[in-house]
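What follows is a predicted protein model with its sequence.
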Amino acid sequence: MLQPRMALMGLRLPFRCLSSIVPSRAYSTVIREQENPSADEPSSSTFDPSIAFAPPPTRDDAGILLRSYTPRTPGIRHLRRPVNDHLWKGRPVQKLTFPKRGQSKGGRNNTGRVTVRHHGGGHKRRIRMVDFARAAPGPHLVERIEHDPGRSAHIALVRSQETQKLSYILAAEGMRAGDVVHSFMSGIPEELWKSMGGTVDPGVLAARTAWRGNCLPLHMMPVGTLVYNVGLRPGDGGQLCRSAGTFATVLAKGIDIKAKREHNDGPEGEEGVEKKPLTQREKQRKERISQHVTLRLQSGELRYIHKDCCATVGVASNPNHQYRQLGKAGRSRWLNIRPTVRGLAMNAAEHPHGGGRGKSKGNVDPKSPWGLPAKSGYKTRPKWKVNKAVVTPRERNQGKRRRGYH
């Protein structure tokens, strides 16, 4: 192996085209992505008539931006990471964190029993105290965007302009340092009331409040808005759509439906026929609808959420997190993920699929390690425990392939 390598090294000087075949550096280097010179550097031309009519430039280029590395070692050959050069390189705010200790890191509960398998042995972390409720009113200045090892989405360090208090919030996609975000959970500010003339103008209210990163009650959201960090109960923090790249869509508001029905309903119908009085059950149903907002989740589920619950305008940050590749098993162990053994590879005493001679699991339906059906749309929720907030359940994979097959 030395002779061909020496020959190539000798040919490297007269033939520059072979310089990429025989690298001289012995450590991993980042492959430089293609940059748009027009976005950062001024154009050499003095005047371009199309600039005056062009839309404002976007902060990020379209498409999936993943960073690959020169395969100096086998561990980085398949490594793919999202490009997030805007993240803070330093340490977090010490007062807004606390260490993760105890046996919960290994998937144990307070009695010491394993409740979550395949957890343990990861790098030590500090839990970031994220403000999911966003109850503090007034403008907040985004000082920086940080990486949170405890979640897939990024977090933003914001400072209140009134109290100068620091806090962490979930960052929206496109949010950068220097942005100003507001929270309207405590009501409409007095200045906004005066600008609308003392009455609520839905168009002006949406134009002044429904901006990316702002936290609003759901009844103030315009129909069609993409929201994340959605709460389930009034007064509580957000619980839905908190992972990277997730969002929900506001489909309908019960307040608008109630106002429309009150306007259309009258003592007589269109042909002079008296309308039948509503039953008590129908009245309760309409009253319930008027107090809720209909959201569509990414799974396809339609769900009722109370109109006073919190939600943040936009999409959760780091949408390219799903396209990352760890590249090696050790990086998965750093993330507190232990190896996952197939039930087919276990003994018969450890799993229903285990044992036998060969690789077949036998004439056994897919089951969990505890004997419950694991596929074909089997639901583990008791039949008497019905979620009344779900209008249309999500599409389930009934033992078939989800995409392209029916």
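Perfect, I can see it now.

Tyr378 touches Gly371, doesn't it?
No - checked against CB atoms under 8 Å, the pair Tyr378 and Gly371 is beyond contact range at 11.9 Å. (C-beta placed from N, C-alpha, C; glycine too.)

Those two: which is more packed in?
Tyr378 (15 against 9; other CB atoms under 10 Å).

What sits closest to the more buried one if chain neighbours are left out?
The shortest distance from Tyr378 to any residue other than its chain neighbours is 7.3 Å, reached at Leu372 (CB to CB, 6 or more residues apart in numbering).

residue contacts, Leu170?
Under the criterion of CB atoms under 8 Å, 6 or more residues apart in numbering, the contact partners of Leu170 comprise 130, 132, 153-156, 228-229, 238, 242, 312, 316-317.

Enumerate every residue touching the closest residue to Arg333 other than its chain neighbours.
In space, not counting the residues next to it along the chain, Arg333 is nearest to Gly121; the distance is 5.8 Å by CB to CB, 6+ apart. Taking CB under 8 Å, 6+ apart, we find Gly121 in contact with Gly106, Arg333, Asn336, Arg338.

Going by neighbour count, which of these are buried?
For the contacts of Gly121, a burial check counting by 16 or more other CB atoms under 10 Å picks out Arg333, Asn336.

Kindly reformat the contacts of Gly121 as a markdown table containing pLDDT and distance to Arg125.
Listed next are the contacts of Gly121 as a markdown table, based on pLDDT from 0 to 100; distance: CB to CB, whole Å:
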| residue | pLDDT | distance to Arg125 |
| --- | --- | --- |
| Gly106 | 90 | 13 |
| Arg333 | 96 | 14 |
| Asn336 | 94 | 8 |
| Arg338 | 96 | 16 |
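
Quick check: helices, which of the contacts of Gly121 are part of them?
Among the contacts of Gly121, the members falling in helices (DSSP state H) are Arg333.

what about the protein, any weak spots by pLDDT?
Using pLDDT under 70 as the threshold, the predicted model of the chain has low-confidence ranges 1-62, 256-274, 397-406.

just so I have it, where are all the helices in the chain?
Listed in chain order, the helices of the chain (DSSP H) span 2-12, 37-40, 190-195, 202-209, 254-264, 280-290, 329-334.

hang on, the earlier thing: among the contacts of Leu170, which ones are in strands?
Ile155, Ala156, Tyr228, Gly238, Thr312 (DSSP state E).

is it possible to export those residues to TSV including neighbour count and distance to Ala248?
Compiled in TSV, the ones in strands among the contacts of Leu170 are given as follows (neighbours: other CB atoms under 10 Å; distance: CB to CB, whole Å):
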residue	neighbour count	distance to Ala248
Ile155	24	20
Ala156	25	20
Tyr228	24	7
Gly238	24	11
Thr312	29	11
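
and the two most separated of the residues you listed?
Ala156 and Gly238 (14.2 Å; CB to CB).

hmm, who's touching the longest strand along the chain?
Counting residues, the longest strand found in the chain (DSSP E) is strand 138-146. Residues outside strand 138-146 that contact it (CB under 8 Å, 6+ apart): 86-88, 92, 128, 154-163, 166-169, 171, 175-183, 213, 317.

which ones among those are found in strands?
Using DSSP E, those in strands are 128, 155-160, 166-169, 180-183.

Tell me the one among the contacts of Leu170 nearest to Lys194.
Looking at the contacts of Leu170 and their distance to Lys194, the nearest is Thr312, at 25.8 Å (CB to CB).

Test my guess that Arg151 contacts Asn229.
No - using CB under 8 Å as the test, Arg151 is too far from Asn229 to be in contact (11.5 Å).

And those two? Which one has more around it.
Neighbours were tallied for Arg151 and for Asn229 using other CB under 10 Å; the higher tally belongs to Asn229 (28 against 17).

surely the more buried one meets Val130?
No - applying CB under 8 Å, one finds Asn229 not in contact with Val130, separated by 9.4 Å.

now the strands: where do they sit in the stretch 301-406 of the chain?
Across the stretch 301-406 of the chain, reading from the start of the chain, the strands by DSSP state E, counting those that start in this stretch fall at 302-306, 310-313, 390-392.

ranking these by burial, who's on top?
Neighbour counts (mean count of other CB atoms under 10 Å) averaged over each of the strands of the stretch 301-406 of the chain peak at strand 310-313, with a mean of 28.

Within its sheet, name the partner strands of that one and how each one runs.
strand 215-217 (antiparallel), strand 226-228 (antiparallel) (DSSP bridges).

Rebuild the ones you listed as JSON lines, extending it with distance to Ser290.
Written out in JSON lines, the entries for those read as follows (distance: least, CB to CB, whole Å):
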{"stretch": "strand 215-217", "distance to Ser290": "15"}
{"stretch": "strand 226-228", "distance to Ser290": "20"}
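
Please pick the buried ones from the contacts of strand 138-146.
The neighbour-count test (16+ other CB under 10 Å) marks 88, 92, 128, 154-158, 160, 167-169, 171, 175, 179, 181-183, 213, 317 as buried among the contacts of strand 138-146.

for the residue nearest to Asn347 when sequence neighbours are not counted, what are its contacts?
Take Asn347 and drop its neighbours on the chain: the residue closest to it by CB to CB, 6+ apart is Gly354, 4.9 Å away. Applying CB under 8 Å, 6+ apart to Gly354 gives the contacts Gly343, Leu344, Ala345, Met346, Asn347, Ala348.

same question, Gly107
So Gly107 contacts Val114, Thr115, Val116, Arg117, His118, His119, Gly120 (CB under 8 Å, 6+ apart).

Need phi/psi at it.
As for Gly107, its main-chain torsions (degrees, to the nearest 10) stand at phi 80, psi 20.

And it, how far from Arg113?
Taking CB to CB, to the nearest Å as the measure, Gly107 falls 9 Å from Arg113.

just Gly343 next, same as before
Spatial separation of Gly343 from Arg113 under the definition CB to CB is 20 Å.

Tell me which of these two has more neighbours.
When neighbours are counted by other CB under 10 Å, Gly343 and Arg113 differ, and Gly343 comes out ahead with 17 against 9.
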